[in-house]
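Enquirer: A predicted structure for the sequence below; I have some questions about it.
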Amino acid sequence: MNRAPTAGTMIMAAMLTLFGCPNTRSARAAWALEETGAEYEYVKVDLFKGEGRRPPYLDLNPGGGIHLSRDGFPGSAGILPAVDWR
């Protein structure tokens, strides 16, 4: 079941998959994950080639927005409160 985490929830054992495009807001989520040493996979979605508006990405995110994680986090800003900042 994919549910968005509430504030204070931490990313723990499972590896996160972050879909992003360079020079977009997804960079802040990648930066936070790097700073905390979280284990994650980065999947580049080239918006300039229209990859955000075609399958298989559109199958994951029908809205086509770039801010998506396969783990149910709602956008790049949604990941930030979930990161373990310790």
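Expert: Arrived safely, thanks for sending.
Enquirer: Below-threshold pLDDT in the chain: ranges please.
Expert: 1-14, 65-78, 85-86 (pLDDT under 70).
Enquirer: go with 90
Expert: Applying pLDDT under 90 to the chain flags residues 1-30, 32-33, 36-41, 43, 45-48, 51-86.
Enquirer: Can you show me the strands along it?
Expert: Along the chain, counting by DSSP state E, strands occupy 16-20, 40-44, 68-69.
Enquirer: quick one: Phe19 and Ser26 touch, right?
Expert: Yes - in this structure Phe19 lies within contact range of Ser26 using Cβ atoms under 8 Å: 7.2 Å. C-beta: built from backbone N, CA, C; applies to glycine.
Enquirer: Just grab the bridge partners of the closest residue to Tyr42 other than its chain neighbours for me.
Expert: For Tyr42, ignoring the flanking residues on the chain, the nearest one in space by Cβ to Cβ, 6 or more residues apart in numbering is Leu18 at 5.4 Å. In this entry, Leu18 is beta-bridged to Tyr42, Ser69, by DSSP bridges.
Enquirer: okay but Leu18 is in contact with Ile79, surely?
Expert: Yes - contact criterion Cβ under 8 Å: Leu18 and Ile79 qualify, at 7.3 Å.
Enquirer: Neighbour count for those two, which is higher?
Expert: The neighbour count for Leu18 versus Ile79, taken as other Cβ atoms under 10 Å, is higher for Ile79 (25 against 22).
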